[in-house]
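> A predicted structure for the sequence below; I have some questions about it.
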Amino acid sequence: MEGPLALLVGCFFASAIYLMLSDSLIRILLGVTILANAVNLLIFTAGRIVKEVPPIIPEDAMVPPIATANPLPQALILTAIVISFSFFAFLLVLVFRTYQGLGTDKTGKMHMAEEPGDPVPPRGY
Amino acid sequence: MQESQIDWTFLVMAAPFLAAFVAPLLKRLLGSGASWILAAAPAAMFVYFLGLIAPVASGSVIANGFAWAPSLQINFSYRLDGLSLLFALLVSGIGTFILIYAGAYLKGHAHQGRFFSFILLFMGAMQGLVLADDFMTLFVFWELTSITSFLLIGFDHTREAARRAALQALVITAGGGLCLLAGLLMMTGLVGVHSMTEAIALGSSFAENPYYLPVLILLLGGAFTKSAQFPFHSWLANAMEAPTPVSAYLHSATMVKAGVYLLLRVHPFMGETVPWMTILPLFGGATLLAGTLLALRQTDLKLILAYTTVASLGLLVMLTGTSNETAILGALVYLLAHSLFKGGLFMMAGSVDHEAGTRDLRELGGLGLKMPVTFLSGLVLAWAMGGLFVTLGFFAKEAMYEGLLHGEGTTPVTLGVAVVGNGLMFAAAFAVGLLPFIGKRPENLSGAHEGPIGLWIGPLVLACLSVAGIVFAAFTQEALIGPTLAAVAGARPHPDLSYAIHVNEAFAASCVTWAIGILALLALRPVRRGLAASLDAIGWGPDRGFDQLVNGLTNGSAAVTRFIQNGDLERYLSITFTVLALALIVPLVVFGEWPHVPETFALAPHEWAVMGLAAVGLVAVIVAENRLTAIVSLGIQGFAVALIYMLFGAPDLSFTQFMVETLSVVILALVMTRLSLMTADRRNYFQRAKDGTIALACGIGTAALLIAVTNQPFDSRLSDFFAEHSRTIAHGRNIVNVIIVDFRGLDTLGEIAVVMITGLAILALLRFPAPWRPTRAVEEEK
């Protein structure tokens, strides 16, 4: 049952990482967004899959009468979705400001702190 | 170790540290005269140790201590036998004069109070070192001497040469200290011996222990670096950068003698073996010859003395290495004599420097009448150092030659090295003690005159003691040398210490020594020129080696940093994900746990459709050429994920995912319309292939791991717990919600905090204008 989802998770990871290896800020941002989904799906699948039965207890029972979906990964993912969203927003603004400030979106050209040709600090005792 | 009370010895050990604590305050209140009061501390210690001579001479060993870290079997303990007592007397006795001398020498120096503090700390460390019994106590004091000497050598810290010398001393001696620590830990951990007392009880049986040789080599690593044996001698000469009182103290009674002390201390259980009698004479002899040759090459009074110290230490190590009682007797008397004449000569050289303004031998001369007391002290001290009649040095030389001629464990080579080395040291002694005072006085020295009492009292007293030591031979023998010899060599022979001259083979060797010395002194200029030329021809020494080592370390670490942290995000990510891929795939393959992918998938057509949608979205993001395509396709994969949650029983997740994806797409669209960013892939085909391989490997690895995980039986205990209790305890029917707001409420609080902090950070980024400038590369591009 989990097989196809596992393969899909693999696709998500591969796409995310391929995008993140790029030298363009915006593609890295897209990659990070997909990576969040990839990780969430990974947790979801690892908690095993049950079709169409949400973990909700009926009015007249104290415990779920039939097997339901695993509630624990769902709770974890719920937290993760919100955090990854805020992370996405922060990264987006950071990309925006970096582009405004440095005038480039190529990561290879961002070296304000240390220019490649800067002289090394003096040696001595 | 039984619990014991604090006794007087502990207080005496603490005294220098307490004095160091109040020294700056006293200096502020009393000026440089504070030195006379501060000198009372070592003087009192000296008197206390004098009082212990009688019991120690009668053969008893005074020991005491208390548990320091009982769980590690570490004690703070001392052991006072003849050897410790001799060193304690030297440390405190010479320390007294050093303090008085420093009061006059550094008068008016802005940091004199600090200097008093440092030198008292150093004194305390040295005192503790020679008294320590427990190995860890010993090691702590040993390292404390390294650290305090670092502070003293670098005292004049505005000069680069002083900083370099201090660092070099620290690197070499503390590096040796680490060797010593390893050796001591082997003793405690593998041999089960925790203190010198226990080790001495082992006696010569320790030589059969399998750990004997490694322990010996490690201890020698500590002793040779501390006692500046060739090729670790360069720090000692450079330590001349320190103010003269420090040089005088470091070179006479302390620091450099610490290594010799350690060798003498471990001799009862480590000596008299083949490795001991091979390694020690080898290094000692080489150091003796190298030291004397380097000394004669110098023209600076202090440097000449520094290298003769190196030579003397070599001589002491060589003699200790013979394990021969008579030679060791010679070494002990020499040790005592050396402390007196070397401390005195250094102070004398400092006085000359202080008054004449130079200590270059070529610019000095004819000061004898101007500085009569200093001249007299210098002459007597040189006399003692040259081993001439009626001094301790004379007896020391006779005894060592006697031992080397007739004792065991020596070779003619050892004797020859000793004779040549002593002869050259004779020349160096008179070069320092005599030459500045005779001959024609240069014009610019006419203003020189005798310094204040503080400057000449130390050399004078030490010069007197060098003679008194042999005049009152009976006292020296019974009180000092005899008990020390008993502690080192085990036996209790009765050395015939006197100033009498016996005309025998040893005396003949002495005559040869003097002949060599006088010849070298007369031919000092040509000898110096020849040595200088040949040393320049070699052009390399341990001192330059140290620079090369330090530069090599700096360059090496710079290269490593440039390689690992080159600032290229692509490289960082490539390395990270390559490692991830390997970590995922390699263990699965190596341990044969690569999972079987099930051949049939029990999925309904609509489920296949949703998953296909997600895959299409992913591919579309990757190939998107413009902003709009990228945003829309990002949305597609996000909504597909939401649908997957929906299909597999997670409506809450689905709802949240829908909201978040919508928001993301909207925000992304808003921001990207303001940026003319191209989303197209700029990589060339080679890079794409490389990155694609890494990404694909990660994807396959993750999928395989996930399948392998889901093939395992599922442990549902935790999930069952929540299902069981969410209504009964927490009164909620939606189990996911109950977990979030109740069971794991604190996590949710953390999550909200994260969102809030991110919001603040975003606000900060947007509100304040960027103070950045475009990078040079970008400017050039424009």
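Structure received. Numbers count the residues shown, from 1 in each chain, chains lettered A, B, ... in the order given.
> would you map the helices across chain A?
With DSSP state H as the criterion, chain A has helices at A:3-20, A:25-46, A:71-102.
> hmm, the first one in reach of chain B?
To tie it back to what came earlier, the one meant is helix A:3-20. Yes. Applying Cβ under 8 Å from any Cβ of the partner chain, one finds helix A:3-20 in contact with chain B at A:3-20. The C-beta positions use only the backbone N, C-alpha and C, and glycine is treated the same way.
> report the angle between that helix and helix A:25-46.
Interaxial angle, helix A:3-20 versus helix A:25-46 (axes from the mean of the first three to the mean of the last three Cα atoms, to 10 degrees): 160 degrees.
> circling back: mean neighbour count, the helices of chain A: which tops it?
Most buried of the helices of chain A, by mean neighbour count (mean count of other Cβ atoms under 10 Å in any protein chain shown): helix A:3-20, with a mean of 25.
> what about dumping the CA coordinates of that helix to PDB?
Extracted C-alpha coordinates of helix A:3-20, given in PDB (Å, rounded to 0.1, in the frame of the first residue of the first chain):
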ATOM      1  CA  GLY A   3       4.900   1.500  -2.200                       C
ATOM      2  CA  PRO A   4       3.600   4.000  -4.700                       C
ATOM      3  CA  LEU A   5       3.600   6.800  -2.100                       C
ATOM      4  CA  ALA A   6       7.200   6.000  -1.200                       C
ATOM      5  CA  LEU A   7       8.200   6.300  -4.900                       C
ATOM      6  CA  LEU A   8       6.400   9.600  -5.100                       C
ATOM      7  CA  VAL A   9       8.300  10.800  -2.000                       C
ATOM      8  CA  GLY A  10      11.500   9.900  -3.800                       C
ATOM      9  CA  CYS A  11      10.400  12.000  -6.800                       C
ATOM     10  CA  PHE A  12       9.700  14.900  -4.400                       C
ATOM     11  CA  PHE A  13      13.100  14.600  -2.900                       C
ATOM     12  CA  ALA A  14      14.900  14.400  -6.200                       C
ATOM     13  CA  SER A  15      13.100  17.400  -7.600                       C
ATOM     14  CA  ALA A  16      13.700  19.500  -4.500                       C
ATOM     15  CA  ILE A  17      17.400  18.700  -4.400                       C
ATOM     16  CA  TYR A  18      17.800  19.200  -8.100                       C
ATOM     17  CA  LEU A  19      16.400  22.700  -7.800                       C
ATOM     18  CA  MET A  20      18.400  23.500  -4.700                       C
END
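> mind giving me the packing neighbours of that helix?
For helix A:3-20, the elements it packs on are helix A:25-46, helix B:569-590, helix B:605-623, helix B:685-711, judged by 3 or more Cβ pairs under 8 Å, 6 or more residues apart in numbering or on different chains; DSSP states H and E.
> make TSV from those helices and add mean pLDDT and distance to B:F768 to it.
Converted to TSV, those look like this (pLDDT from 0 to 100; distance: least, Cβ to Cβ, whole Å):
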stretch	mean pLDDT	distance to B:F768
helix A:25-46	91	20
helix B:569-590	90	24
helix B:605-623	88	32
helix B:685-711	90	35
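> single out the most deeply packed of those.
Most buried of the helices and strands packed on helix A:3-20, by mean neighbour count (mean count of other Cβ under 10 Å): helix A:25-46, with a mean of 23.
> just want the angle from it to helix B:605-623.
150 degrees.
> who are the packing partners of helix A:25-46?
Applying 3+ Cβ pairs under 8 Å, 6+ apart, we find helix A:25-46 packed against helix A:3-20, helix A:71-102, helix B:605-623, helix B:627-647, helix B:651-674, helix B:685-711.
> make a markdown table from those and add distance to B:R717 to it.
As requested, the helices and strands packed on helix A:25-46 are arranged in a markdown table below (distance: least, Cβ to Cβ, whole Å):
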| stretch | distance to B:R717 |
| --- | --- |
| helix A:3-20 | 23 |
| helix A:71-102 | 10 |
| helix B:605-623 | 29 |
| helix B:627-647 | 24 |
| helix B:651-674 | 22 |
| helix B:685-711 | 17 |
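> which one, of those helices, ends up nearest to B:L315?
For the helices and strands packed on helix A:25-46, proximity to B:L315 was assessed by Cβ to Cβ; helix B:685-711 is nearest, at 65.8 Å.
> report pLDDT for B:D536.
B:D536 carries a pLDDT score of 82 in this model.
> which helix or which strand is home to it?
Using DSSP states H and E, the element containing B:D536 is helix B:524-538.
> just to revisit the earlier point, and of the helices and strands packed on helix A:25-46, who's closest to B:F116?
Closest among those, once you apply Cβ to Cβ, is helix A:71-102, at 55.4 Å.
> can that closest one be said to contact chain B?
Yes. For a cut-off given as Cβ under 8 Å from any Cβ, helix A:71-102 has contacts with chain B, namely A:71-72, A:74-75, A:77-79, A:81-83, A:85-90, A:92-94, A:96-97, A:99-102.
> and that helix, what does it pack onto?
If contacts are counted by 3+ Cβ pairs under 8 Å, 6+ apart, helix A:71-102 sits against helix A:25-46, helix B:651-674, helix B:717-728, helix B:735-738, helix B:745-767.
> of all those helices, which one is nearest B:G113?
The nearest among the helices and strands packed on helix A:71-102, by Cβ to Cβ, is helix B:745-767 at 48.5 Å.
> residues touching that closest one, excluding its own?
Residues outside helix B:745-767 that contact it (Cβ atoms under 8 Å, 6 or more residues apart in numbering or on different chains): A:79, A:82-83, A:86-87, A:89-90, A:93-94, A:97, B:740-741.
> report the buried residues of the helix or strand harbouring B:I470.
B:I470 belongs to helix B:453-471 when assigned by DSSP H and E. Residues of helix B:453-471 classed as buried: B:454-463, B:465-470 (neighbour count, 16 or more other Cβ atoms under 10 Å in any protein chain shown).
> which residue, other than its chain neighbours, is closest to the residue positioned nearest the centre of chain B?
Among the residues of chain B, the one closest to the centroid is B:A174, at 2.5 Å (Cα atoms, centre = their mean). Setting aside the residues directly before and after it, B:A174 is nearest to B:S146 in space (Cβ to Cβ, 6 or more residues apart in numbering or on different chains), at 4.6 Å.
> check which element follows the helix or strand the one you found falls within along the chain.
When secondary structure is defined by DSSP H and E, B:S146 falls within helix B:135-153. Once helix B:135-153 ends, the next helix or strand along the chain (criterion: DSSP H and E) is helix B:160-186.
> who does that next one touch, helix- and strand-wise?
So helix B:160-186, by 3+ Cβ pairs under 8 Å, 6+ apart, packs with helix B:135-153, helix B:212-226, helix B:234-238, helix B:542-564.
> what about the last one, average pLDDT?
When the per-residue pLDDT values of helix B:542-564 are averaged, the result is 85.
> show residues contacting that helix.
Helix B:542-564 has contacts (Cβ under 8 Å, 6+ apart) with A:120, A:123, B:167-168, B:171-172, B:230-234, B:237-238.
> pull out the buried positions in the helix or strand encompassing B:M126.
In this structure, B:M126 sits in helix B:112-131 according to DSSP H and E. Residues B:112-113, B:115-131 are the ones in helix B:112-131 that count as buried (16+ other Cβ under 10 Å).
> and the pLDDT for residue 105?
Reading this off chain A. Model confidence at A:D105, given as pLDDT, is 77.
> I was thinking of chain B, sorry if that wasn't clear
Per-residue pLDDT puts B:Y105 at 82.
> so what's it up against?
By Cβ under 8 Å, 6+ apart, B:Y105 lies in contact with B:243-245, B:350, B:354, B:454-455.
> sorry, back to before: any of the contacts of helix B:542-564 buried? List them.
B:167-168, B:171-172, B:230, B:232-234, B:237-238.
> can I get those in CSV with pLDDT and distance to B:E402?
Formatted as CSV, the buried ones among the contacts of helix B:542-564 follow (pLDDT from 0 to 100; distance: Cβ to Cβ, whole Å):
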residue, pLDDT, distance to B:E402
B:L167, 90, 43
B:Q168, 90, 38
B:V171, 90, 40
B:I172, 90, 35
B:F230, 84, 26
B:F232, 87, 30
B:H233, 86, 28
B:S234, 86, 34
B:A237, 85, 32
B:N238, 86, 36
